[in-house]
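Novice: Based on what follows, work out the 3D shape:
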Amino acid sequence: MSAARKRPAVSTVVPVFNEEANLPALFQRLSSTLDKIGVDYEMIFVDDGSSDRSLELLDEFARQNDRVVVVEFVRNFGQHAAVFAGFERARGQVVVTLDADLQNPPEEIPKLLAKIAEGYDVVGGWRAERHDSVLRKLPSKIVNRVMSKVTGVKLNDYGCMLRAYRRPVVKSICKCNEISSFIPALANTFAKQGKVCEVPVDHAERAAGTSKYGLLKLINLNFDLVTGFSRLPLKMTTLLGVIIALFAFALGAYIIIMRILRGESWAQFGVFTLFAVQFFLVGMLFVFMGLMGEYVGRIYSEVRRRPRYVIRKIHRFRFQSGTEGHACLSELLGLGEEVVGVVTHHDDPGEEIYFRSVGDLAERRGIPCFRPDDANEPTFVERLRALRPDIIYSFYYRRLLDDPILALAPKGALNLHGSLLPKYRGRCPANWVIIHGESRTGVTLHYMTRRADAGDVVAQEVVPIAPRETALTLMGKLEAAAVVLLRRTVPLLRTGTAPRVPQDSTQVTTFGGRRPEDGRIDWSQSAVAIDRLVRAVTHPYPGAFTIAGEKKILVWESLPLPPRSGARPLRPGEWSGDVVGTGDGLLRIVRCQLEGERETSGLQLAAEAS
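Specialist: Predicted structure coming up:
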């Protein structure tokens, strides 16, 4: 097993500012769209100093889905700063940006990715039919014309946030350190010539809330465009100054000549003309001074080298197998429990350790930590007796405890199990529930007996299983549920008022541990069943696999497909590109790996094999 996370194919970056009313629908629709695309992805939300419940909702999304990253700013820095922050944390081969107000429908993302797949570096959305007021459309048209002139790339809609960028373009953008920037223009300068395009996309009316881009922000954006990407205004100012100077010289010469020819009486009637010319020149002078001031002000902002934004916190709920004990011990300490000792395992020299260590946490807190070879050995039981524990908690301890240890705690010995008992007793419940297509599972706190997972139940916390759930993401949810369960039940256990409900013996199901060889794919099963196996044992587990000739192919991600009308049916185990026939339906191989080689896409593997 490996702790390294593969680089996702797609990263989405969403700046958020006071969008609590739109976020639940956005998260659901965006997750659903990316799941249907069938590639690995991550969602990056940047909270730009929201004052409503936006951050709270985003934090909850991160707990529900370990593909979510939430970047929290200390205050509002603006949309472009938020996108920069998202770019700098995005790991995807393609990065897609969109607004949080749902005016950019997430369902349009596949259109952009299809163009990227054709070889384009930057693909912009074009809101052909905008649902905005005239006061928004008119400034946007001006921006589009200015940007087309400045960048030399004619596009219809530079203002649409729904855009896709290849990773090299994003990396180049991130190297730019100027404070005032316009990202679509920067992207066009770093894309290969002829590799920028746009596609028509839907544009919806804002479902809730108000636009955060008012007239003043649009004006400021235009100044960023003018001063950040071209010296044309300075050249035009110089040219206009020359023209005015020539006009003034010609006018002066004309007045002198006419005075000579007509006399002094003629010249006095030109005084008002001179006043008009003077006022015009003074007005132009102030305009030019203001324009120069914009350039100087931006130079001043740059030389101060202040950060473009300041991050308060990164919210990312990343589960790694083995962290349950760490999280539960942390919660007990946070609840004020006096922990008199911690018993954990010796690290296995043959196992790659990539989780947070319970022992390290105990030692940092000054809690006695024991790593016995056999916790049931009589001399060690006496050591525990000397600690005089009131309650014993077992959080995913790997060995059964005998009666002498269970009898040490007057308030009971309790175990946290990763299923809704009495179902899925035994080992690896998170893997088994996905294999069997369950729609929900949970965690159970129960009293321990000599029979594994058979004691009376204190409380349970239900966890829904998402349609594309993996064992890794599900374990992250179970860990969060375990913390919630402890928070709810520890005070009751402390006071002796916790419930104690016997398990229904008629509902018991029991499953054993899983071995790497259990991941072999049986192509006679349905595509849905095989996909469940893949999701149950994908990273960081050993993976589902099949044998092709003498080569072992590990399948890390798959997607069941509907029947293809008119196409020749595939026999179970027969490959056609990245699609494989099964006993019922077709299965697309999204990510796979020849044993001992690098991970790749199913299409790439098929191309290399042909």
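Novice: Going by C-alpha atoms from here, please, whenever you check contacts or count neighbours.
Specialist: Will do.
Novice: Give me the neighbour count for Arg535.
Specialist: 26 (other CA atoms under 10 Å).
Novice: Other residues contacting the host helix or strand of it?
Specialist: Following DSSP states H and E, the helix or strand that holds Arg535 is helix 527-537. For helix 527-537, the external contacting residues (CA atoms under 8 Å, 6 or more residues apart in numbering) are 430-432, 434-437, 468-471, 519, 521-523, 543-544, 555-561, 581-587.
Novice: Could you do stretch 380-395 as well?
Specialist: 324-325, 328, 340-341, 372, 375, 404-406, 408-417.
Novice: circling back: after the helix holding Arg535, which helix or strand is next? Please name it.
Specialist: strand 544-548.
Novice: circling back to that earlier point, where helices are concerned, which of the contacts of stretch 380-395 count?
Specialist: 324-325, 328, 404-406 (DSSP state H).
Novice: Name the pair among these with the greatest separation in space.
Specialist: Glu324 and Pro404 (25.4 Å; CA to CA).
Novice: So those two - more neighbours on which side?
Specialist: Glu324 (26 against 13).
Novice: what residues are up against that one?
Specialist: With CA under 8 Å, 6+ apart, Glu324 has these contacts: 395-396, 479, 482.
Novice: Quick one, which of these are buried?
Specialist: Among those, those classed as buried by 16 or more other CA atoms under 10 Å are 395-396, 479, 482.
Novice: Which one of those is nearest to Asp453?
Specialist: For the buried ones among the contacts of Glu324, the nearest to Asp453 is Tyr396 (11.2 Å; CA to CA).
Novice: still on that earlier bit, list the ones among the contacts of helix 527-537 that fall in strands.
Specialist: Under the assignment DSSP state E, the contacts of helix 527-537 contribute 544, 555-561, 581, 586-587 to strands.
Novice: Report the two of these separated the most.
Specialist: Ala544 and Leu561 (18.4 Å).
Novice: Among these two, which residue is more densely surrounded?
Specialist: A count of neighbours by other CA under 10 Å puts Ala544 above the other of Ala544 and Leu561, at 27 against 14.
Novice: Show the pLDDT at the residue nearest to that one when sequence neighbours are not counted.
Specialist: Closest residue to Ala544 apart from its sequence neighbours, by CA to CA, 6 or more residues apart in numbering: Gly519 at 4.3 Å. pLDDT, Gly519: 94.
Novice: Quick check: Gly519 touching Ile547?
Specialist: No: taking CA atoms under 8 Å as the definition, Gly519 is not a contact partner of Ile547, at 11.5 Å.
Novice: Do a quick rundown of the helices in the stretch 251-400 of the chain.
Specialist: Ranges of helices in the stretch 251-400 of the chain, per DSSP state H, counting those that start in this stretch, are 264-267, 271-303, 324-334, 358-364, 378-387.
Novice: related to what we said a few turns ago, higher neighbour count, Gly519 and Ile547?
Specialist: Taking neighbours as other CA under 10 Å, Gly519 and Ile547 compare with Gly519 leading, 22 against 13.
Novice: quick one: the helices in the stretch 1-150 of the chain?
Specialist: Counting by DSSP H, counting those that start in this stretch, the helices of the stretch 1-150 of the chain are 23-37, 54-64, 79-89, 109-117, 134-151.
Novice: so what does the helix or strand just after the last one touch, helix or strand wise?
Specialist: When you say that, I think you mean helix 134-151. Under the assignment DSSP H and E, the closest C-terminal helix or strand after helix 134-151 is strand 163-166. Contact here means 3 or more CA pairs under 8 Å, 6 or more residues apart in numbering; DSSP states H and E; on that basis strand 163-166 packs against strand 94-97, helix 109-117, strand 122-127.
Novice: what distance separates strand 163-166 from the centre of its chain?
Specialist: The chain centroid and the centroid of strand 163-166 are separated by 15 Å under CA atoms, centre = their mean, to the nearest Å.
Novice: residues in contact with that strand?
Specialist: Under CA under 8 Å, 6+ apart, the answer for strand 163-166 is 93-98, 112-113, 116, 121-125, 187.
Novice: Could I have the buried ones of the residues you listed as ChimeraX selection syntax?
Specialist: Here is the ChimeraX command that selects the buried residues among the contacts of strand 163-166 (16+ other CA under 10 Å):
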select :93,94,95,96,97,98,112,113,116,121,122,123,124,125,187
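Novice: Next, give me the two most distant ones among the contacts of strand 163-166.
Specialist: Gln93 and Gly125 (18.8 Å).
Novice: Just checking, which helix or strand of the chain averages the lowest pLDDT?
Specialist: helix 215-229 (a mean of 54; mean pLDDT, DSSP states H and E).
Novice: need the contact list for Pro372.
Specialist: With CA under 8 Å, 6+ apart, Pro372 has these contacts: 343-346, 380.
Novice: and the gap between it and Asp402?
Specialist: Distance, Pro372 to Asp402, using CA to CA, to the nearest Å: 14 Å.
Novice: Of the ones in strands among the contacts of helix 527-537, which one scores lowest on pLDDT?
Specialist: Within these, lowest confidence goes to Leu561 (91).
Novice: tell me the contacts of the residue nearest to that residue when sequence neighbours are not counted?
Specialist: Nearest non-adjacent residue to Leu561, counting by CA to CA, 6+ apart: Leu586, 5.3 Å away. The contact partners of Leu586, taken as CA under 8 Å, 6+ apart, are 527, 560-563, 570, 579-580.
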